[in-house]
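In: Curious how this folds, go ahead:
(2 chains)
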Amino acid sequence: MNEHLLDIRNLKTWYRTYQGYAQVVDGVNLTIDAGKKIGIVGESGCGKTTTMKSVLRVLDERKAYLPEGEILFKNQNILKMRETELQQIRRKNISMISQEPSAALNPVFTVGQQIFDVISYSKQDDTAKNKKELTDIAIKAIRDVFIPDPERILECYPHQLSGGMKQRICIAMALVTPRELLIADEPGTALDVTIQDQIHRLLRALVDEKQTALIMITHSLGVVRELVDQIYVMYAGNIVEVATTNELFKNPLHPYTRGLMDCVPRLSGGGISAGIYGYVPDYVHPTPGCRFSPRCPYVKEICRVQKPLMLEVSEGHTVACFRYTDSFTEQHRQEESIGERA
Amino acid sequence: MLRFVGKRLFEGIFVLIGISIMLFIIARIIPGDPARMSLGPRAPQFAVDELRKEMHLDKSLPVQYLYWIKGVLQGDFGKSINTKRPVSTDIKEFLPATLELVLFSGIFLIILSILLGLLAAKYRDTLVDNMIRGLSYIGIAIPAFALAILLLLLFGYVWQVIPVLGRLSSGVAAPIHITGLFAFDSLITGNFTTFFDTLGHLILPALALATGPLFQEARLLRASLVDNMGKEYISVATGYGLPSRVIMTRYLLRPSFIPVVPVMGMDLASLMGNAFLVEKIFNWPGISRYGMNALLNKDLNAISAVFLVFGAIFLLVNIIVDIIVASLDPRIRLGAKS
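Out: Numbering: from 1, shown residues only, chains lettered A, B, ... in the order given. Have a look, this model is predicted:
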């Protein structure tokens, strides 16, 4: 078996609520190889962040409950690791960029103090570093994210920086020591569009340069199109479609993916789409069938009672939808295509 | 930082002037002639008139204020009707007793509230947290004087383990007057018999006084800690593999203290004024009790003096709190600079 850098298998992450367990992440499978770039796309509240926070185990353990699943990092199960092993992974192998740059930095410590802490605990060669070395490493990292006058920035408190600068600092912090995997959780969401674009380009340039694998979480297909090689489409805690970026844009199969595509405004006009009808489902009492079935325009009886499995439609393109299984008869598909044309 | 402190001190002067004007006006608009009050009803009118002139009561209010404030600045608050002594002498005698009591209360307050707050936050939603919560409700609900009586009865009467009433047991000599704080004076002069005796006398009233605010602060600190534990920067720091000890003591504690410190400071300063019932119960010769008696007897000079002292102490505590908060929170410190 070939070794993946990160291999998430049937991960379930639930939250304890007063009504019962909210089954937010419901059997996610995901793999990424060293140096690759993948994107996870889905709407707010579909469990993207929860999945990734499960990887680093930074969820509040009194609220989160992981009944099933494995997260293998280089064939070691992170979920079964002892605290010391986990700390090593957090310090040396994986880092994560939060979607809220303003909240991710501690307001009462200088940027420098916070970066120094990250460097000194993630030291690769296990030698103690003095202040001068720490400063040099931090300054180089800040320079890498194109912030002028890094010496001054180190003395600054987060509230003295703009949102875009804070996010750059977060990126600098995440890549200040070499990592094998960088998880970027909607790094541009809290920023305005021009800054967002800069941040994405910067991120791409840095992971290419440092040959870090990247998991990019976003709610916008447009964002990941230029950044990643492979896209996972997530809906309500399930991966519903996986394909390479080109294939997905050329041939989106899952009704939800199509809905997302329609939501991207086009330069060619045609107005803004109506969106996808309905809401993300209730996680405490989820439907036994396909979680998209209440919103799906092509819903059939089987969709409501049975969960569709991931099915490889073509090389490297899998989808979880009954429309592409054999039980879904040719006749159904014809009816649909007539309906679509009408 | 120095500029920040200087600015606060400068502002404090104006606040003090404001307090003094208000106190002066209140003292003067209360009905009754101070000259007549101090001489008594049977004094002849000419003597009263003489005294009025001496006290500058025949002048206009602003001029009277200037005379009064001139005296105050020289440490002369006039005479007390109650004790027939200069008010400044009374204050010198009674203020250290209350300061000592409040300082000890403050030590209890700060140490115990931080300890309980940390424990409750660390073991939140467990038995420890719930026990502290229950204890807090009782501690906050029970008035200081009721607790004082309870402690007095239990430790002073039923078990007789701790000396009660007054600052020293009879037969124990007061230490040489240096600051007037018996525990401090006896300690630095090496008089340990007096030190331990006065310490014993301090424990119960200090505890009675501190209990209410102590639990309130513990709750506040717990809430602040738990709130910050859910902040993104804590999970980011965890995600970078920082040891939980570092996260708790550095990343969590400092921002969590920011909202607690001002409340703590205010509660500490309020202990001065709230101490009168506890002082009364423990027969503590403090200024709070003195001020209460002055109020009840319309002893105007004493009232103005006591409240001016309280005001100054409040102000001082406030400035100290501001400095602590500013040193904890760069947003305040740097905001003040620009």
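In: going forward, measure contacts between C-alpha atoms and count neighbours the same way
Out: Will do.
In: Which single residue in chain A comes nearest to chain B?
Out: As assessed by CA to the nearest CA, chain B sits closest to A:Ala104 within chain A, at 4.2 Å.
In: Pull the contacting residues for B:Ala210.
Out: Residues near B:Ala210 by CA atoms under 8 Å, 6 or more residues apart in numbering or on different chains: B:Ser105, B:Gly106, B:Phe108, B:Leu109, B:Leu271.
In: will you turn those residues into TSV that also has distance to A:Arg323, neighbour count and secondary structure?
Out: What follows is the contacts of B:Ala210, written out as TSV (distance: CA to CA, whole Å; neighbours: other CA atoms under 10 Å in any protein chain shown; DSSP: H, G, I helix; E, B strand; the rest coil):
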residue	distance to A:Arg323	neighbour count	secondary structure
B:Ser105	74	25	helix
B:Gly106	72	24	helix
B:Phe108	71	19	helix
B:Leu109	68	28	helix
B:Leu271	74	22	helix
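In: what two of those residues are the furthest from one another?
Out: Farthest pair in the contacts of B:Ala210 (CA to CA) is B:Phe108 and B:Leu271. Separation: 12.3 Å.
In: Residue 120 sits in which helix or strand?
Out: Went with chain A since none was named. Element membership of A:Ser120 [criterion: DSSP states H and E] is helix A:111-121.
In: ah, I was thinking of chain B
Out: Taking DSSP H and E as the criterion, B:Ala120 maps to helix B:87-122.
In: Please identify the buried residues of that helix?
Out: Neighbour counts over helix B:87-122 (16 or more other CA atoms under 10 Å in any protein chain shown) mark B:87-88, B:90-91, B:94-106, B:108-110, B:112-114, B:116-122 as buried.
In: residues from the stretch 51-200 of chain A in reach of chain B?
Out: With CA under 8 Å from any CA of the partner chain as the criterion, the stretch 51-200 of chain A meets chain B at residues A:56-59, A:86-91, A:95-96, A:98, A:100, A:103-109, A:117-118, A:121-122, A:157, A:159.
In: from the contacts of B:Ala210, which single one is nearest chain A?
Out: For those, the nearest to chain A is B:Leu109 (25.2 Å; CA to the nearest CA).
In: mind listing what the residue of chain A closest to chain B touches?
Out: Neighbouring residues of A:Ala104 by CA under 8 Å, 6+ apart: A:Ser98, A:Cys170, B:Glu232, B:Tyr233, B:Ile234, B:Val236.
In: list the buried ones in the helix or strand containing the last one?
Out: B:Val236 belongs to helix B:232-239 when assigned by DSSP H and E. By neighbour count with 16+ other CA under 10 Å, helix B:232-239 contains the buried residues B:Glu232, B:Tyr233, B:Ile234, B:Ser235, B:Val236, B:Ala237, B:Thr238, B:Gly239.
In: Those residues also near chain A: which ones?
Out: Among the buried residues of helix B:232-239, the residues within reach of chain A (CA under 8 Å from any CA) are B:Glu232, B:Tyr233, B:Ile234, B:Ser235, B:Val236, B:Thr238, B:Gly239.
In: Of these, which is the nearest to A:His317?
Out: Within these, proximity to A:His317 (CA to CA) peaks at B:Gly239, which comes in at 32.2 Å.
In: what sits against the closest one?
Out: Here B:Gly239 is in contact with A:Leu56, A:Arg57, A:Val58, A:Arg90, A:Arg91, A:Ser95, A:Met96 (criterion: CA under 8 Å, 6+ apart).
In: and the helix holding B:Ala120, does that touch chain A?
Out: No: residues of helix B:87-122 contacting chain A under CA under 8 Å from any CA: none, with a closest distance of 12.4 Å.
In: The helix or strand following that helix packs against which elements?
Out: Note on helix B:87-122: by DSSP H and E, the next helix or strand toward the C-terminus is helix B:127-141. Secondary-structure packing of helix B:127-141 (3 or more CA pairs under 8 Å, 6 or more residues apart in numbering or on different chains; DSSP states H and E): helix B:87-122, helix B:192-229.
In: angle of the first one against helix B:192-229?
Out: Meaning helix B:87-122. In terms of direction (axes from the mean of the first three to the mean of the last three CA atoms, to 10 degrees), helix B:87-122 departs from helix B:192-229 by 50 degrees.
In: Please verify my assumption that B:Leu119 contacts B:Met131.
Out: No: proximity of B:Leu119 to B:Met131 does not meet the contact threshold set by CA atoms under 8 Å, at 10.6 Å.
In: give me every residue that touches A:Thr51.
Out: Applying CA under 8 Å, 6+ apart, we find A:Thr51 in contact with A:Leu11, A:Thr13, A:Val25, A:Val28.
In: farthest-separated two in the residues you listed?
Out: Put simply, by CA to CA the two of the contacts of A:Thr51 set farthest apart are A:Thr13 and A:Val28, 9.3 Å from each other.
In: Of these two, which one has the most company?
Out: The neighbour comparison of A:Thr13 against A:Val28 (other CA atoms under 10 Å in any protein chain shown) goes to A:Thr13, with 26 against 21.
In: So the more buried one belongs to a helix, correct?
Out: No: per DSSP: H, G, I helix; E, B strand; the rest coil, A:Thr13 lies outside any helix segment and is strand.
In: mind listing what it touches?
Out: Applying CA under 8 Å, 6+ apart, the residues contacting A:Thr13 are A:Gln23, A:Val24, A:Val25, A:Asp26, A:Thr50, A:Thr51, A:Ser54, A:Ala64, A:Tyr65, A:Leu66, A:Pro67, A:Glu68.
In: With pLDDT as extra columns, can I get the contacts of A:Thr51 in TSV?
Out: Putting the contacts of A:Thr51 into TSV (pLDDT from 0 to 100) gives the following:
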residue	pLDDT
A:Leu11	93
A:Thr13	93
A:Val25	92
A:Val28	92
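In: could these be laid out in TSV, adding distance to A:Pro150?
Out: Putting the contacts of A:Thr51 into TSV (distance: CA to CA, whole Å) gives the following:
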residue	distance to A:Pro150
A:Leu11	41
A:Thr13	40
A:Val25	40
A:Val28	40
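In: Could you give the average pLDDT over stretch B:196-214?
Out: The pLDDT scores in stretch B:196-214 average 90.
In: In that stretch, which residues are buried?
Out: B:197-214.
In: How about the residues of chain B by chain A?
Out: Going by CA under 8 Å from any CA, the residues of chain B near chain A are B:231-236, B:238-242, B:251, B:254-255, B:328-331.
In: Flag the shaky bits of the stretch 201-338 of chain B, pLDDT-wise.
Out: B:336-338 (pLDDT under 70).
In: residue ranges for the helices of it, please.
Out: Secondary structure of the stretch 201-338 of chain B by DSSP state H, counting those that start in this stretch: the helices cover B:232-239, B:244-246, B:253-257, B:260-281, B:287-296, B:300-328, B:330-337.
In: Export these to a markdown table and append columns for distance to B:Leu151.
Out: Supplementary listing: the helices of the stretch 201-338 of chain B in a markdown table, determined by distance: least, CA to CA, whole Å:
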| stretch | distance to B:Leu151 |
| --- | --- |
| helix B:232-239 | 43 |
| helix B:244-246 | 38 |
| helix B:253-257 | 31 |
| helix B:260-281 | 11 |
| helix B:287-296 | 19 |
| helix B:300-328 | 27 |
| helix B:330-337 | 42 |
